[in-house]
Structure formats: structure tokens, C-alpha cells
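Colleague: Using only what follows, build the 3D model:
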Amino acid sequence: MCPYCNSSSVQATHRRFNLLGFLLFGWWSILFGKGKIVVTCLSCGKQWKPGEAKRITKSVARRRFVGGLVKTLAWTVILFLAALLGFILLIF
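Modeller: Next comes the predicted model:
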């Protein structure tokens with residue numbers, strides 16, 4: 001299950017040899033970059049390492065909660081200011 005978009009179409013693949021990494025770092029890129037497993041979501045294209053999904057899910061949920069809280073607070077302030085303006089216009 002993708003922690004970003006909750007899609008069930010994910011694919012685990014081995015990381016392949018990277019020519020750019022080889023040109024920049026030489027043999028070190030072959031020794032340390034090859035053979036690692038990466039999970040890829042086929043819907044949104046995001047990638048993560050196995051075992052990171054729980055941490056990412058918590059992070060995404062926290063971000064969504066804070067974003068929703070900020071939107072709710074912003075609408076509360078806007079409605080309060082609109083009511084205050086209506087009250088001031090009613091008095092005058």
C-alpha cells in the first residue's frame with residue numbers, strides 16, 4: 001500500500017547500476033549503490049525503501065492534519081472578521 005496515495009499497485013525492484021553515479025564516484029557507486037531494494041508506487045510514482053512506509057504514512061497524516069487545521073483556523077478568522085464588519089456596519 002502506497003503511503004502517499006493509498007494505492008495498492010506497488011512494485012518492489014532492485015536498484016540498478018547508475019552510469020552518472022559511476023562517472024561521478026567511480027567504483028564506490030557500484031559497491032554501495034547496487035542491489036538495494038526500492039518500492040515504487042505505480043499510480044503516483046513515489047519511491048521509498050522497504051520499512052519506511054509506516055514512518056512516511058505518519059508524516060503524511062501529520063502534514064494533512066496540520067494543513068486542515070490551518071485551513072479551519074483561517075476560515076474561522078475570516079468568518080469572525082466578516083461578522084465583525086457586519087456588526088460595525090449595522091451600528092453605523
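Colleague: next one: phi and psi at Leu84?
Modeller: phi -60, psi -40 (degrees, to the nearest 10).
Colleague: residues near it, how many?
Modeller: A count of nearby residues for Leu84, using other CB atoms under 10 Å, gives 10. All C-beta spots, glycine's among them, are computed from the backbone N, C-alpha and C.
Colleague: just for this structure, where's the confidence low?
Modeller: Scanning the chain with the threshold set as pLDDT under 70 gives 15-35, 54.
Colleague: okay, now the domains of it?
Modeller: Using automatic domain parsing, the domain ranges for the chain come out as 1-50, 55-92.
Colleague: Deepest in the core, which of those is it.
Modeller: Mean neighbours per residue, mean count of other CB atoms under 10 Å, is largest over the domains of the chain for domain 1-50, with a mean of 13.
Colleague: Ends of it, what's the gap?
Modeller: Using CA to CA, to the nearest Å, the end-to-end distance of domain 1-50 comes to 11 Å.
Colleague: show me where this protein has strands.
Modeller: Taking DSSP state E as the test, the strands found in the chain are 10-14, 37-41, 47-48.
Colleague: Does anything pack onto the first one? Which helices or strands?
Modeller: Helices and strands touching strand 10-14, by 3 or more CB pairs under 8 Å, 6 or more residues apart in numbering; DSSP states H and E, are strand 37-41.
Colleague: What pairs with the strand it packs on, parallel or antiparallel?
Modeller: Sheet pairing for strand 37-41, assigned by DSSP bridges, gives strand 10-14 (antiparallel), strand 47-48 (antiparallel).
Colleague: These into a markdown table, with extra columns for distance to Leu79?
Modeller: Converted to a markdown table, those look like this (distance: least, CB to CB, whole Å):
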| stretch | distance to Leu79 |
| --- | --- |
| strand 10-14 | 42 |
| strand 47-48 | 40 |
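Colleague: out of those strands, which comes closest to Phe65?
Modeller: The closest of the strands paired with strand 37-41 to Phe65 is strand 47-48. By CB to CB, the value is 20.5 Å.
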